[in-house]
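**Student:** Here is a sequence with its predicted model. Questions after.
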Amino acid sequence: MLAAGVNGALRRVPAWVAYLLGVLPLAWIVWLVLSGGIGVDPVKGIEHRLGKVALWFLVGGLAITPLRRIAGVNLIRYRRAVGLLGFAYLALHLLAWVVLDMGMLWAQAAADLLKRPYLLLGITGFVLLVPLALTSNNASVRRLGRNWRRLHWLVYPAVMLGVVHYLMQMKVISTEGWVWAAALFMLLALRFWGRLGILRGNAG
Ligand code: HEM
């Protein structure tokens with residue numbers, strides 16, 4: 001009942017609204033920088049917030065299919081927007097590290113990668129997402145056919161690497177960290193059970 005109501009209301013909300021709402025976290029970060037509310041270490045403040053917003057979108061994107069299967073709420077129309085927004089925030093997160101943190105000094109960046117190996121996990125996650133972002137358009141979906149779905153399975157290892165990177169950058173894993181890890185574990189379990197036919201519905 002509730003799901004039908006939500007789906008009915010969402011039918012009138014076009015996908016571009018998701019892109020518009022997706023810009024709000026960036027506007028919030030810009031506002032914090034301009035108003036001086038970003039914290040004592042602005043570079044870290046920006047870097048961390050961009051990483052966290054990316055995580056919200058990426059994990060949120062993974063939740064869309066199970067949400068439809070289990071609760072009947074259909075947000076599939078917004079999945080591309082959510083995924084692309086996640087990728088865009090990740091690109092900004094990477095850019096913040098390269099430009100603000102490393103000052104585009106490549107030797108320093110290389111040294112930082114050696115010092116903090118979890119950055120390599122994050123970079124690998126980002127690299128895995130690049131082909132997905134590039135093929136998130138109707139022409140690629142048509143051209144790649146069944147291979148499109150196969151390719152987009154990369155989102156799972158990519159987000160897993162992102163979450164491990166997030167946990168590893170903490171000195172001690174916080175409650176919030178465990179919640180993210182548990183959420184991802186549940187989403188992966190649902191997807192694999194779905195694959196094994198325990199949950200009914202379309203793969204996608
Ligand atoms: C799927 C990929 C990635 C995800 C999901 C991700 C997410 C995150 C999150 C959530 C945080 C911590 C935010 C907080 O504590 O509030 C973080 C920290 C950080 N990430 Fe990423 N990230 C990814 C890839 C990258 C890449 C490609 C780089 C660039 C090298 C990077 C550099 C950093 C840095 C420098 C920090 C701060 C670490 C520290 O303060 O010690 N991340 N990331």
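**Tutor:** Sure thing, it's come through. Numbering: from 1, shown residues only.
**Student:** Okay, buried residues for the helix or strand where Lys44 lies please.
**Tutor:** Lys44 belongs to helix 42-71 when elements are defined using DSSP states H and E. By neighbour count on 16 or more other Cβ atoms under 10 Å, the buried set for helix 42-71 is 43, 45-51, 53-69. Placement of C-beta: from N, CA and C, glycine included.
**Student:** How about the residue nearest the centre of the chain, nearest residue that isn't a chain neighbour?
**Tutor:** Ranked by distance to the mean C-alpha position of the chain (Cα atoms, centre = their mean), the top residue is Leu58 at 1.9 Å. Once flanking residues are discounted, Leu58 sits nearest to Gly86: 4.0 Å by Cβ to Cβ, 6 or more residues apart in numbering.
**Student:** Show me the subset of the buried residues of helix 42-71 that also lies near the ligand.
**Tutor:** Near the ligand, taking Cβ under 6 Å from any ligand atom as the test, the members of these found are Glu47, His48, Gly51, Ala54, Leu55, Leu58.
**Student:** would you turn those residues into TSV with pLDDT and distance to Tyr78?
**Tutor:** TSV is the format used below for those (pLDDT from 0 to 100; distance: Cβ to Cβ, whole Å):
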residue	pLDDT	distance to Tyr78
Glu47	98	27
His48	98	26
Gly51	98	22
Ala54	98	17
Leu55	98	17
Leu58	98	14
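**Student:** got the CA coordinates for the one helix or strand Leu187 maps to in CSV?
**Tutor:** Element membership for Leu187 (DSSP H and E) is helix 175-195. Provided in CSV are the C-alpha atoms of helix 175-195 (Å, rounded to 0.1, in the frame of the first residue of the first chain):
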residue,chain,number,x,y,z
THR,A,175,30.5,2.8,15.1
GLU,A,176,29.6,4.7,11.9
GLY,A,177,32.3,2.7,10.1
TRP,A,178,30.8,-0.6,11.3
VAL,A,179,27.4,0.6,10.2
TRP,A,180,28.6,1.2,6.7
ALA,A,181,30.4,-2.1,6.6
ALA,A,182,27.3,-3.9,7.8
ALA,A,183,25.1,-2.0,5.3
LEU,A,184,27.4,-3.0,2.4
PHE,A,185,27.6,-6.6,3.7
MET,A,186,23.8,-6.8,3.8
LEU,A,187,23.4,-5.4,0.3
LEU,A,188,25.9,-7.8,-1.1
ALA,A,189,24.2,-10.7,0.7
LEU,A,190,20.8,-9.7,-0.7
ARG,A,191,22.3,-9.5,-4.2
PHE,A,192,23.9,-12.9,-4.0
TRP,A,193,20.8,-14.5,-2.5
GLY,A,194,18.9,-12.8,-5.2
ARG,A,195,21.2,-14.5,-7.7
